[in-house]
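got a sequence here, can you model it:
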Amino acid sequence: MKENILQQRITLVGLVAIMAVSTDLYLPGIPQLIENLGASVSQGQLTLSVFLMGFAVGQLFYGGVSDRHGRKPVLYLGLIIYLAGTVICIFAPDINTLIGARFVQGLGGASAPVLARAMVSDSHSRVEAAKVMASIAGAMALIPAIAPVIGSWLLYVFEWRAHFVVLLLLGLLTLAGATRLQETLKTLSTEPFKLSGIISQFPLCLGNSSFTGYALCGGAAYAAMFCYISTSSFLIIGMLGLAPELFGYTFMVVVFGYITGAMASSRLVGRRGVIWVLALGQLVGMMAAGLLLILAIFEINRLVPMLVAFYMIFVAGGLSLAISQMGAIAELPEAAGKASSVFGFLQITFASLLGFLVGQFYNDTLVPTAIGVLLAVLLSATGYRIIRKNYVPDDERT
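Residues are numbered from 1 along each chain as shown. This is a model prediction of the structure:
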């Protein structure tokens, strides 16, 4: 029994981590693929943003479809699409093919976290689901923490295509693990799937003020982290002059902040409650944003204080994200798949838009990133205020 639970948790970790590992693993190889395919820097960066675009769009479909057809069949379909896109990435003869394949990869990979969250929500109460997802998130964070380091190592022996070979192998292992998961949806929806239903997901979810609060709180916390992800190589390598081969280790240090926050969230939410842990996340995020502003305003371009600030941003994200995800889904238990889809779409959209803006205004200083983080933290705090105003403990719900 314990062995089965462990296998299920490992598979859920793989499903939740699929986006992070699909972006972080190949980051060190982007300059090489640009040179190899004769592409421009903007085209190379587009392979990241297009993947996120496909990931965001895909999340709108899988939840609603799985409410009607079950979690596992839809998960299989999504993972197969992801694997197909990955194969095309491996053999892409030019940058445009690679960009298109990355969109397909993102479109398929989007099924994994959406349905993992829905499966957990199907099987647990709100607090228990938050604990499970926080523990999964903490374990999952180990993967993107080491992914850039592994990506750098691969480049010593192979070219950039090896990154996608590794993603293919990981995708196959995740698909194999998914076959061992139990179907968690007890009652299939009889509502026929329509494209108009995709649009109707938004008023259904956003019409619930608590859902909106959780989406803002968690989505903006993730966007704050993505401000670092999208500009980290420019800041660490370009501005601070750190050797490229050491970049992966600095990334690992920062991502361990997420592990710290997620594991703390898993332990504290059962003892202190959802509101207390989210408040702690807001406090840590505000402190980190303040430190970044001080570093930016006074041009304190030092590696250690910068990593401390970003580590704290990731701690705040670890404290807030899993609880926000499961809290949002718990607000709409009769439409958990749709709620998971809309939350995921908003989370990725917040991050990609803010990351894009920070990148556009990057000027070889910390200022654009610090401002982006501050905006994200303020949005997250706004979501927290909405949650706190409307929060009703599980034992008081009818």
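
what segments of the stretch 1-150 of the chain are helices?
Ranges of helices within the stretch 1-150 of the chain are 2-24, 30-36, 41-69, 71-91, 95-109, 111-123, 126-140, 142-157, based on DSSP state H, counting those that start in this stretch.

other residues contacting the fifth one?
Residues from elsewhere that reach helix 95-109, judged by Cβ atoms under 8 Å, 6 or more residues apart in numbering: 18-19, 22, 33-34, 37-39, 43-44, 46-48, 50-58, 78-86, 88-89, 92. In this view, the C-beta of every residue, glycine as well, is placed from N, C-alpha and C.

could you rerun that using 6 Å?
Residues from elsewhere that reach helix 95-109, judged by Cβ atoms under 6 Å, 6 or more residues apart in numbering: 18, 22, 37, 39, 43, 46-47, 50-51, 54-55, 58, 78, 81-82, 85-86, 88-89, 92.

rewinding a little: closest to R272 out of the helices of the stretch 1-150 of the chain?
helix 126-140 (10.8 Å; Cβ to Cβ).

average pLDDT for the closest one, rounded please.
For helix 126-140, the mean per-residue pLDDT is 61.

was I right to think F211 contacts I329?
No - applying Cβ atoms under 6 Å as the test, F211 and I329 come out as separate, 8.6 Å apart.

the two - which one has more neighbours?
I329 (31 against 25; other Cβ atoms under 10 Å).

hang on, the earlier thing: tell me which of the helices of the stretch 1-150 of the chain sits most buried.
Neighbour counts (mean count of other Cβ atoms under 10 Å) averaged over each of those peak at helix 111-123, with a mean of 27.

that helix - contacts with which helices or strands?
If you count contacts as 3 or more Cβ pairs under 6 Å, 6 or more residues apart in numbering; DSSP states H and E, helix 111-123 packs onto helix 2-24, helix 41-69, helix 71-91, helix 126-140, helix 336-360.

let's see 10 Å
Under the contact criterion of 3 or more Cβ pairs under 10 Å, 6 or more residues apart in numbering; DSSP states H and E, helix 111-123 touches helix 2-24, helix 41-69, helix 71-91, helix 126-140, helix 161-178, helix 303-330, helix 336-360.

next, format those as JSON lines and append distance to S380.
Formatted as JSON lines, those follow (distance: least, Cβ to Cβ, whole Å):
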{"stretch": "helix 2-24", "distance to S380": "19"}
{"stretch": "helix 41-69", "distance to S380": "19"}
{"stretch": "helix 71-91", "distance to S380": "29"}
{"stretch": "helix 126-140", "distance to S380": "16"}
{"stretch": "helix 161-178", "distance to S380": "30"}
{"stretch": "helix 303-330", "distance to S380": "7"}
{"stretch": "helix 336-360", "distance to S380": "10"}
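
which of these has the lowest average pLDDT?
Among the helices and strands packed on helix 111-123, helix 126-140 carries the lowest mean pLDDT, a mean of 61.

L332: how many residues sit nearby?
22.

give the contact list for it.
By Cβ atoms under 10 Å, 6 or more residues apart in numbering, the contact set of L332 is 121, 201, 204-205, 207-208, 210-211, 338-340, 342-343.

6 Å instead, please
A339.

what's it sitting at in phi/psi?
Main-chain torsions, L332, degrees, to the nearest 10: phi -130, psi 70.

tell me the pLDDT of it.
So L332 comes in at 83 (pLDDT).

and what of D394?
D394 is given a pLDDT of 53.

ok, now V269?
83.

any idea which element it lies in?
helix 247-272 (DSSP states H and E).

buried stuff in that helix?
Buried residues in helix 247-272, counted by 16 or more other Cβ atoms under 10 Å: 247-248, 250-266, 268-269.

that older thread, out of the helices and strands packed on helix 111-123, nearest to V377?
Between these, helix 303-330 lies closest to V377; by Cβ to Cβ that is 7.7 Å.

next one: the closest one to chain centre, how far?
From the chain centre to the centre of helix 303-330 is a distance of 11 Å (Cα atoms, centre = their mean, to the nearest Å).

on contacts alone, who are the packing partners of it?
Using 3+ Cβ pairs under 6 Å, 6+ apart as the contact criterion, the elements in contact with helix 303-330 are helix 126-140, helix 209-233, helix 247-272, helix 274-297, helix 336-360.
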